[in-house]
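In: Mind looking at a prediction? Sequence and model below.
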Amino acid sequence: MEGDLWKALLRLVIFLPLVLLLAYWSIRIGASRGQMWQGSRNLQVMERIALGPKAGLCIVKVGREYYLIGISEQKIELLKELPQYEEQETPKLRGSWQNLMGPRTKE
């Protein structure tokens, strides 16, 4: 019985690092491939808003042009070109959230 315990511990010592190494490697490879599909220089989703569980609106930047796109379960449709659209800076947390999170480390 004591021999079985030592065999189990030996297997744990051998295979646990192997499994952890494979998990680390999979995450590294998966993350690098995910970045490849996240965006490009010429096509960016600037804003999104959900209108329901399977519908929403997006403002998409293609080159230097901006478009309002409607998305539903059945189709994706160009609703309007936005010639006067200006990018806005994302607001920073102020007030109670900042107090809950503690002092800021980065600005």
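Out: That came in fine, so what should we check first? Numbers count the residues shown, from 1 in each chain.
In: so how many other residues sit close to residue 58?
Out: Counted with other C-beta atoms under 10 Å, residues neighbouring residue 58 total 16. (Glycine included, C-beta is placed from N, CA and C.)
In: I meant residue 59, not that one.
Out: Counted with other C-beta under 10 Å, residues neighbouring residue 59 total 17.
In: tell me the helices in the protein, going along the chain?
Out: Assigned by DSSP state H, the helices in the chain fall at 2-38, 96-101.
In: ok, of these, where does mean pLDDT dip lowest?
Out: Between the helices of the chain, the one with the least mean pLDDT is helix 96-101; it has a mean of 53.
In: per-domain residue ranges of the protein.
Out: Annotated domains of the chain cover 1-38, 40-85 [automatic domain parsing].
In: which one of those domains is the most hemmed in?
Out: The highest mean neighbour count among the domains of the chain, using mean count of other C-beta atoms under 10 Å, belongs to domain 40-85: a mean of 12.
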